[in-house]
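>>> could you work out the structure for the sequence below:
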Amino acid sequence: MPDLHLISAGSLLDFALAELPSFGVGRIRSMFLYPFSFDEFLLANNEELLLNAKHAAFFENPLAEPLHHKLLEYLKRFLIIGGMPEVVSKYVQGKNMNDCQRVLDDLIISLKSDFSKYKHNVPVSRISEVFDSVVEQVGGKFVYTKAATEANLKQIKGAIDLLIMAGLAYPVVHTSANGIPLGAESDPKKRKMLIFDMGIFQRLLGLNIAEVLLSVQFNMVNKGSLAELFVGLEMLKSGSCYEQQSLYYWQREALNSNAEVDYLIQKGQNIIPVEVKAGTKGSMQSLFLFLKEKNRPFGIRLSLENFAAYDQIRVFPLYAVSNLVRSAL
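Residues are numbered from 1 along each chain as shown. So this is what the prediction gives:
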């Protein structure tokens, strides 16, 4: 029946497709879906005019300060709520953060109960243990020896691969970044891992949501690298839904001279380093080192500042990752 169109969706769809003897090359279109992005969160809150103003802003055309601060307040809430549709719906209906936390608790229980479906030859306890380790290690290079107490490297890698296939974890892979494409010089042995949703992440870590809401700067450096996780997820969500997006970072490990750039993006023939800051301050030694070593003209700083530009740095607010991904720079 060549004229019959079928749509399949589901968190375990990749597992089902893996069991098929053939994939139907040329007859299947894949779309990669994620929890709500920050832009979609604004639309859910009927803030289309605010979203349009954000899209029109650039480092040469910063936002008016009242709009900038309004977006920062929405960002605070999004960092706590995350993008799971039921949680966003609950927030839009009642603006009650405690109700949102209860929905997140329900989702986490269901999520962990669902681990038994992932693969028959991997123990549920192993997947759960590795998943918890992904949460704990967000923001740093994933260390396999920390991931499970009674498992060998092969078992841990198997559990990680299942979590990635299920869309519950996303890898950020190290690359030497000497040329394009970025994946040509990637090293899959060195990678960071991101959990799939901000709200799930903060709930599993037990972050103090009142501290985030009431704080002026809400510095997240010591609270699980929340800002870095947010940026990585927004980069994935801002790309084309018809392509499986990849994330890269750069790190130099040398005696008394370690350096790391949080993310690298490719714009045409250019490789652009992106540094994430959870506040409005912080040195950028690694970013400047990368620019010098790789002879790149400029880098990006994502922070709580308004759009700006100085020296070799172009500043984008944390809430404007989609502006960065979609811009020509």
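>>> so how far is stretch 192-204 off the chain centroid?
Centroid separation between stretch 192-204 and its chain, computed with Cα atoms, centre = their mean, to the nearest Å, is 9 Å.
>>> and stretch 138-145, by the same measure?
15 Å.
>>> helix or strand with the lowest mean pLDDT in the protein?
Within the chain, confidence by mean pLDDT, DSSP states H and E is lowest for helix 209-214 among all helices and strands, at a mean of 70.
>>> who are the packing partners of the helix or strand following it?
Going down the chain from helix 209-214, the next helix or strand is helix 226-238, by DSSP states H and E. Applying 3 or more Cβ pairs under 8 Å, 6 or more residues apart in numbering; DSSP states H and E, one finds that helix 226-238 contacts strand 169-175, strand 186-195, helix 198-205, strand 247-252, strand 259-267, strand 270-276, helix 321-326. Any C-beta I mention is one placed from the backbone N, CA and C, and that applies to glycine too.
>>> of all these, which one is nearest Ala57?
Closest to Ala57 of the helices and strands packed on helix 226-238 is helix 321-326 (Cβ to Cβ; 6.9 Å).
>>> from the chain's centroid, how far away is that closest one?
With Cα atoms, centre = their mean as the basis, helix 321-326 stands 13 Å off its chain's centre.
>>> next one: stretch 313-328
Mean-position distance between stretch 313-328 and its chain equals 14 Å (Cα atoms, centre = their mean).
>>> quick check: end-to-end length of it?
With Cα to Cα, to the nearest Å as the measure, stretch 313-328 spans 16 Å from end to end.
>>> report the buried residues of that stretch.
Neighbour counts over stretch 313-328 (16 or more other Cβ atoms under 10 Å) mark 313-325 as buried.
>>> which members of those are the farthest-apart pair?
Maximum pairwise distance in the buried residues of stretch 313-328, criterion Cβ to Cβ, is 19.7 Å, between Ile313 and Ser322.
>>> leaving out the residues flanking it, which one is nearest to Lys70?
Leaving out its chain neighbours, the residue that sits closest to Lys70 by Cβ to Cβ, 6 or more residues apart in numbering is Leu50, at 6.5 Å.
>>> quick one, what contacts that neighbour?
Counting by Cβ atoms under 8 Å, 6 or more residues apart in numbering, Leu50 touches Leu42, Leu67, Lys70, Leu71, Tyr74.
>>> Ile156 too?
Arg126, Val130, Tyr144, Ala147, Ala148.
>>> and of those, the nearest to Lys154?
Tyr144 (9.9 Å).
>>> surely the closest one meets Leu153?
Yes: Tyr144 is within contact range of Leu153, at 5.6 Å (criterion: Cβ atoms under 8 Å).
>>> and those two? which has more neighbours close in?
Shown here are Tyr144 and Leu153; by other Cβ atoms under 10 Å, Tyr144 has more neighbours (18 against 11).
>>> report the contact partners of the more buried one.
Contact analysis of Tyr144 by Cβ under 8 Å, 6+ apart lists Leu153, Ile156, Lys157.
>>> okay if I get those as CSV plus pLDDT and secondary structure?
Listed next are the contacts of Tyr144 as CSV, based on pLDDT from 0 to 100; DSSP: H, G, I helix; E, B strand; the rest coil:
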residue, pLDDT, secondary structure
Leu153, 83, helix
Ile156, 88, helix
Lys157, 89, helix
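>>> where does the stretch 51-200 of the chain dip in pLDDT?
Applying pLDDT under 70 to the stretch 51-200 of the chain picks out residues 119-121.
>>> what's near enough to touch Tyr34?
Listed by Cβ under 8 Å, 6+ apart, the contact set of Tyr34 reads Gly83, Gly167, Phe196, Leu233, Leu236, Lys237.
>>> which one of those residues sits closest to Asn178?
So of those, ranked by how close each gets to Asn178 (Cβ to Cβ), first place is Leu236, at 24.2 Å.
>>> surely that closest one meets Tyr170?
Yes: if you go by Cβ under 8 Å, Leu236 and Tyr170 touch, sitting 6.3 Å apart.
>>> any common contacting residues for the two?
Joint contacts of Leu236 and Tyr170 (Cβ under 8 Å, 6+ apart) are Leu247.
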